[in-house]
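>>> Take this sequence and fold it.
(one chain, ligands or ions: 2)
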Amino acid sequence: MQSLARFRSVRDVTKLLIASRLGLDSPEAAREAPILHDIELELDEGEFVAVMGPSGSGKSSLLHCLSGLERPSRGTVVLCDQELGKLSERKRTLLRRKRTGFVFQFFNLLPDLTVEENVLLPFLIVGEDPAPHRARLDEVFAALDLDDLRDRRPHALSGGELQRASIARALAVRPELLFADEPTGNLASAAGERTMQLLRALNERFQTAILLVTHNPRDAAFADRVLFLKDGGLVQGAELKGEGIDASLVFSRLEELGI
Ligand SMILES: Nc1ncnc2c1ncn2[C@@H]1O[C@H](COP(=O)(O)OP(=O)(O)O)[C@@H](O)[C@H]1O
Ligand SMILES: [Mg+2]
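Ligands and ions are numbered 1, 2, ... in the order given. Down below sits the predicted model:
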């Protein structure tokens, strides 16, 4: 095992995501600046990366291009060793559904289904029986403190509970990578902080890599690495990395960058 681990790191196959020269044009490309330009981004297995940027900087567009929800205008995305642009629509969708999860600002749970049914939905969509995954799902429900809420419908949940349910749904298929688009943007401060603590704990416990986009320095500070997005481009040399990232450091970097 040890030699395999060494081999893997030497061969650099531990990259889960590699985006090169990524660009996305606006539908009004002739007279508007691109929504995204010259994006170079890599993410390792198990890594937790935050992309920090103000509203309108291109955060959601970036996640959509990296996850295969949207086709970029230029550049390449390699996700789980597969180049998205070379896959058929169907294969790209399957890759996204089986190997990644997505958490949205507005939760996107189905209102007529219970929490448990919402969490099982990803299996039904890909035509897989959830029964063999029961033990894992129980672990996910417990980790997100959802045991007592399994039979509730979304209308009977608080914002924090809704987001915990949507994180459980995103983790149901045991994704290698979780995309999170401003997951605390619609939550009160305490519920938002709890959500971030849970994401950090899940990253450590299940080794699920996380790519978070946010405009909140507190949220970004939970990551191993923080990148800065401005006007559709990642700011070169601005990255924060390692121990000791906290909200005030993220905040002062934002001020330096004039973001
Ligand atoms: N489908 C679209 N059509 C036209 N403009 C878009 C579209 N999607 C995003 N944009 C524009 O691209 C920019 C970045 O948007 P977005 O990715 O939503 O940023 P963020 O998530 O950081 O707020 C904004 O100026 C937005 O108006
Ligand atoms: Mg957005």
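>>> Run a quick neighbour tally on the residue of the chain found nearest ligand 2.
Closest approach between the chain and ligand 2, counting by CB to the ion: Ser60, at 3.2 Å. (Each C-beta comes from the backbone N, C-alpha and C, glycine too.) As a burial measure, Ser60 scores 18 neighbours (other CB atoms under 10 Å).
>>> same thing with Asp151?
10.
>>> ok, it - contacts?
Residues near Asp151 by CB atoms under 8 Å, 6 or more residues apart in numbering: 114-116.
>>> Recalculate using a threshold of 10 Å.
Residues near Asp151 by CB atoms under 10 Å, 6 or more residues apart in numbering: 114-117.
>>> Kindly check the end-to-end length of stretch 140-156 for me.
With CA to CA, to the nearest Å applied, stretch 140-156 spans 20 Å between its terminal residues.
>>> Relative to Asp138, how far out is the most centrally placed residue in the chain?
Nearest residue to the geometric centre of the chain (CA atoms, centre = their mean): Phe179, 1.3 Å. Going from Phe179 to Asp138 by CB to CB, to the nearest Å gives 24 Å.
>>> All the strands of the chain, residue numbers only.
Along the chain, the stretches classed as strands by DSSP state E are 15-24, 36-44, 48-52, 74-79, 82-83, 100-103, 177-181, 209-214, 225-230, 233-234, 240-241.
>>> With mean pLDDT as new columns, can these be given to me in a markdown table?
Below are the strands of the chain laid out as a markdown table (pLDDT from 0 to 100):
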| stretch | mean pLDDT |
| --- | --- |
| strand 15-24 | 98 |
| strand 36-44 | 98 |
| strand 48-52 | 98 |
| strand 74-79 | 98 |
| strand 82-83 | 96 |
| strand 100-103 | 96 |
| strand 177-181 | 98 |
| strand 209-214 | 98 |
| strand 225-230 | 98 |
| strand 233-234 | 98 |
| strand 240-241 | 96 |
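>>> Can I get those in a markdown table including distance to Asn203?
Shown next, in a markdown table, are the strands of the chain (distance: least, CB to CB, whole Å):
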| stretch | distance to Asn203 |
| --- | --- |
| strand 15-24 | 13 |
| strand 36-44 | 12 |
| strand 48-52 | 5 |
| strand 74-79 | 18 |
| strand 82-83 | 23 |
| strand 100-103 | 12 |
| strand 177-181 | 8 |
| strand 209-214 | 5 |
| strand 225-230 | 12 |
| strand 233-234 | 21 |
| strand 240-241 | 16 |
